[in-house]
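here are the coordinates; sequence isn't available:
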């Protein structure tokens, strides 16, 4: 039997619990914090494969093995690897207090409405995008994705970072509230347990029945009258429905909405959990996008400027919607295609611009598809009868790269 003990933010296992172990595996700080049986072999975790091979040798002979891990080892922890290698029936898991739970407890907040994202051994971009999109996030940090890196990426976001270090160690534990700018300037060392990213105005959310950061909205492709817009200059809901299906916005993504206008696509992507940057050249459009984002309770970064030049200021997106561009459309689409990690979707009313947009996507190595969308809506007539009212036709092109691997986000 392999017994897995969660330690670090709670009391470590006592001598009686480890008394029968013939092999004890764990990080150096975990091993140093417990009293090991005199005859037990000790393996300090570094590369995982040799330690698993040693565990396999002991387990094959039915010799007792103890594994020491942080907090709850079933939450982004070693239980997954052990269960895959040896089977869950060979494990006796005794969880400790997760660092996420401990950090929220230290600041007096519930965390049933928090999004938890691991940046340990992963690129920081997914964690950054989740922090931009959600008001309450816990980030499990790692090398290259600690408080300083998160702070640098979140400067100007209006968020507060809570950096919890050495949780469970009475002599060393620290829980500090800092701005992203302050976090970016400091050297935090190696004792960071977890970083909380909070929009403090929304940190006390409503009572929940489903854990996680808001869940999926009840519907999308909202009607045009759900948004403020000018003279019906808005992506119609039929077009928006297919655009959203091809964009595939999800938690951890960054989506650009270029030529955003009313911001309807930007707001819908944010409602589906993505971080969003909406690019708009007109000042009244910028104000309109911000108003629509507020009305729907989502965060959208609104960028006032003209594409493609202003795009150089933005982080690389996962997906891009281009709803404007005028005579510069081919150049805008080409720059978006050069930067996008997954998908570019382009909506056009003018037939003349379709070939250039398609060529820009193809030249960037995208597999391109497209449709002409033409719909007719039910409309009342006098005498209690109904007619079909045609909407303007719109060309929708989309290009896709080879899919990238997902990074883990827990909700």
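Perfect, thanks for sending it. Please read all numbers here as calculations on a predicted model, not as lab measurements. Numbering: from 1, shown residues only.

drop to CA atoms for contacts and neighbour counts, all remaining ones
Will do.

distance check, residue 336 against residue 329.
Per C-alpha to C-alpha, to the nearest Å, residue 336 is found 10 Å from residue 329.

actually, residue 373.
19 Å.

so these two - more neighbours on which side?
Neighbours per residue, other C-alpha atoms under 10 Å: of residue 373 and residue 329, the larger number sits with residue 329, 22 against 15.

residue 355 is in contact with the more buried one, correct?
No. Residue 329 is not in contact with residue 355 according to C-alpha atoms under 8 Å; the separation is 10.9 Å.

so residue 310 belongs to a strand, correct?
No. Secondary structure of residue 310 (DSSP: H, G, I helix; E, B strand; the rest coil): helix, not part of a strand.

OK, contacts around residue 210?
residue 112 (C-alpha atoms under 8 Å, 6 or more residues apart in numbering).

so for it, what's the pLDDT?
The per-residue pLDDT reported for residue 210 equals 84.

same thing with the one 4 residues further on?
The predicted local confidence for residue 214 comes out at a pLDDT of 65.

contacts for stretch 383-401 next, please.
Counting by C-alpha under 8 Å, 6+ apart, 239, 243, 246, 341-351, 354, 358, 361-362, 365-381 sit against stretch 383-401.

drop anything exposed from the residues you listed.
Among the contacts of stretch 383-401, those buried by neighbour count (16 or more other C-alpha atoms under 10 Å) are 239, 243, 246, 341-348, 354, 358, 361-362, 366, 368.

looking at those, which are in strands?
343, 344, 345, 346, 347, 348, 368 (DSSP state E).

what's the farthest-apart pair in those?
343 and 348 (16.6 Å; C-alpha to C-alpha).

can you tell me the SS state at residue 307?
Residue 307 - assigned by three-state DSSP - is coil.

turn the ones in strands among the buried ones among the contacts of stretch 383-401 into TSV, including pLDDT and distance to residue 97.
Below are those laid out as TSV (pLDDT from 0 to 100; distance: C-alpha to C-alpha, whole Å):
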residue	pLDDT	distance to residue 97
343	97	40
344	98	43
345	98	44
346	98	48
347	96	50
348	95	53
368	96	49
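
out of these, which one sits closest to residue 306?
Nearest member of these to residue 306, counting by C-alpha to C-alpha, is residue 346, at 16.7 Å.

give me every residue that touches that closest one.
321, 322, 323, 333, 357, 396, 397, 398.

please redo it, this time with the cut-off set to 6 Å
Contacts of residue 346 were listed using C-alpha atoms under 6 Å, 6 or more residues apart in numbering, and they are 321, 322, 396, 397.
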